[in-house]
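A.B. asks: have a look; sequence and predicted model below, questions after that.
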Amino acid sequence: MKIGYPCINRSIGCTANSTFRLASYSEERLIETVSKNLCCLRKILEYNAAHNLLFFRISSAIVPFASHPVCAFDWRTHFKEEFTAIGKFIKKHDMRISMHPDQFTLINSPDEEIFGRSVRELDYHCDVLDLMGLDTSAKVQIHVGGGYGDKPSAMKRFIERYASLSTKIKRRLVVENDDRIYTLAQSLAIHEKTGIPVLFDVFHHSVNCSGEKLHDALRKASATWRKPDGILMVDYSIQKSGERAGVHAESIDIKQFTKFLRESRPFDFDVMLEIKDKELSALKAHAAASRDGRYYTV
DNA sequence: GGCAGTCAAGTACGC
DNA sequence: GCGTACTTGACTGCC
């Protein structure tokens, strides 16, 4: 078990997801921004290594507009050395990495152009992980997509579209149960037809539940990950009190997290803490999990 | 320098 | 049909 947090570290005074407006696009601006992002990513990973936080989600904004037609610049070649060096660091510290394209990446959209843009976006995410030289346990997670008023057809379209994807994408792509449309059971049904691993989101499961108890959910989701995929990835968050169901909490509740650790035995998985205060909660979770026999330390 | 409006992209939902 | 939330930060222009 490794513990991590997504994209942003507020303790070290830099960000690895600087971007700019499309209207301000220029090659110079892109190079300057990506250089800054990669430099900061390295610092975040160093912080994580020092604090034994060995799971991290790299921001999709690491290369702004990478899949947009405006971007004609060959950033892959230009930044090859930087990516390789970061990858070496990740491997040296035995870190687990994920990426999560945002809600515009929809491989089950009825619109072929949206599908095309989504494939380009997935290509970009896989390129980042490939350039770092990471193995196929580094994953790119997406949701099943829209319901389009007819979920069975939308799921069928996901399955067909998945089959048409390149190996480069398929070897990294995993699907996650979401908080409004596709449940764990529906994600597992898609796994049955495609073989795609299912990333289990504990919080989404509590908001949009197909009935499985935690133990059952972890057993079923774990079984969708094969050896080259690494162990199950789990997204963990809790409800912010006094807010609409689905709003992420500001900070982790260690009592609840400890209960989750206890109830999730004996399954092993890596936990991504989708909590607003990022590394601060991850550090608290690390302290709680370090007493757990599953917890991985270097 | 600070503030508020806005940002590439899509879908679902409420009015 | 239109505006807004999603989830969120941070860029940008205006004062």
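C.D. replies: Received the coordinates, thanks.

A.B. asks: dump the helix or strand containing residue A:271 to CSV, restricted to CA.
C.D. replies: If you go by DSSP states H and E, residue A:271 is part of strand A:269-273. C-alpha atoms of strand A:269-273 as CSV (Å, rounded to 0.1, in the frame of the first residue of the first chain):
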residue,chain,number,x,y,z
PHE,A,269,-4.1,-1.3,-2.9
ASP,A,270,-2.6,2.2,-3.4
VAL,A,271,-4.7,5.1,-2.0
MET,A,272,-5.1,8.5,-3.7
LEU,A,273,-6.5,11.0,-1.2
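
A.B. asks: what's the angle from the next helix or strand after that strand to strand A:269-273?
C.D. replies: Moving toward the C-terminus from strand A:269-273, the next helix or strand (DSSP H and E) is helix A:279-289. Taking axes from the mean of the first three to the mean of the last three C-alpha atoms, to 10 degrees, helix A:279-289 and strand A:269-273 form an angle of 150 degrees between their directions.

A.B. asks: alongside DNA strand C, which residues does chain A contribute?
C.D. replies: For chain A, the contact set with DNA strand C under C-beta under 7 Å from any atom of the strand comprises A:8, A:15, A:17-21, A:23-24, A:102-103, A:179, A:244, A:246-248, A:274, A:276. All C-beta atoms are positioned from the backbone trio N, CA, C, and that covers glycine.

A.B. asks: ok, the single nearest residue of the stretch 51-200 of chain A relative to DNA strand B to residue A:99 distance?
C.D. replies: DNA strand B sits closest to residue A:146 of the stretch 51-200 of chain A, with a gap of 2.9 Å, by C-beta to the nearest atom of the strand. Going from residue A:146 to residue A:99 by C-beta to C-beta, to the nearest Å gives 21 Å.

A.B. asks: tell me which of those two has more neighbours.
C.D. replies: More neighbours surround residue A:99 than the other of residue A:146 and residue A:99, with 24 against 19 (other C-beta atoms under 10 Å).

A.B. asks: got a list of what the more buried one touches?
C.D. replies: Counting by C-beta atoms under 8 Å, 6 or more residues apart in numbering, residue A:99 makes contact with A:57, A:58, A:60, A:125, A:128, A:129, A:138, A:139, A:140, A:141.

A.B. asks: now do 7 Å
C.D. replies: Taking C-beta atoms under 7 Å, 6 or more residues apart in numbering, we find residue A:99 in contact with A:57, A:58, A:60, A:125, A:128, A:129, A:140.

A.B. asks: in strands, which of those appear?
C.D. replies: Using DSSP state E, the subset of those located in strands is A:57, A:58, A:140.

A.B. asks: same list, the residues you listed, but as JSON lines with neighbour count, pLDDT and distance to DNA strand B please.
C.D. replies: Formatted as JSON lines, those follow (neighbours: other C-beta atoms under 10 Å; pLDDT from 0 to 100; distance: C-beta to the nearest atom of the strand, whole Å):
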{"residue": "A:57", "neighbour count": "21", "pLDDT": "94", "distance to DNA strand B": "15"}
{"residue": "A:58", "neighbour count": "26", "pLDDT": "94", "distance to DNA strand B": "14"}
{"residue": "A:140", "neighbour count": "24", "pLDDT": "95", "distance to DNA strand B": "13"}
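
A.B. asks: low-confidence stretches in chain A?
C.D. replies: Applying pLDDT under 70 to chain A flags residues A:298.

A.B. asks: where does it come near DNA strand B, residue by residue?
C.D. replies: Neighbours of DNA strand B within chain A, by C-beta under 7 Å from any atom of the strand: A:21-23, A:60, A:64-68, A:102-106, A:109-111, A:114, A:117, A:121, A:145-149, A:154, A:180-181.

A.B. asks: from the residues you listed, keep the buried residues only.
C.D. replies: Buried members of the residues of chain A next to DNA strand B, scored by 16 or more other C-beta atoms under 10 Å, are A:60, A:64-67, A:105-106, A:109, A:114, A:117, A:121, A:145-146, A:154, A:181.

A.B. asks: helices - which of those land there?
C.D. replies: Judged by DSSP state H, these include A:114, A:117, A:121, A:154 as members of helices.

A.B. asks: which pair in these spans the largest distance?
C.D. replies: The most widely separated members of those are A:121 and A:154, with 19.0 Å between them, by C-beta to C-beta.

A.B. asks: that older thread, which neighbours does the strand holding residue A:271 have in its sheet, and in what orientation?
C.D. replies: Counting by DSSP bridges, the strands paired with strand A:269-273 are strand A:3-6 (parallel), strand A:232-236 (parallel).

A.B. asks: what does the first one contact?
C.D. replies: Residues outside strand A:3-6 that contact it (C-beta under 7 Å, 6+ apart) are A:53-57, A:271-274, A:278-279, A:281-282, A:285-286, A:289.
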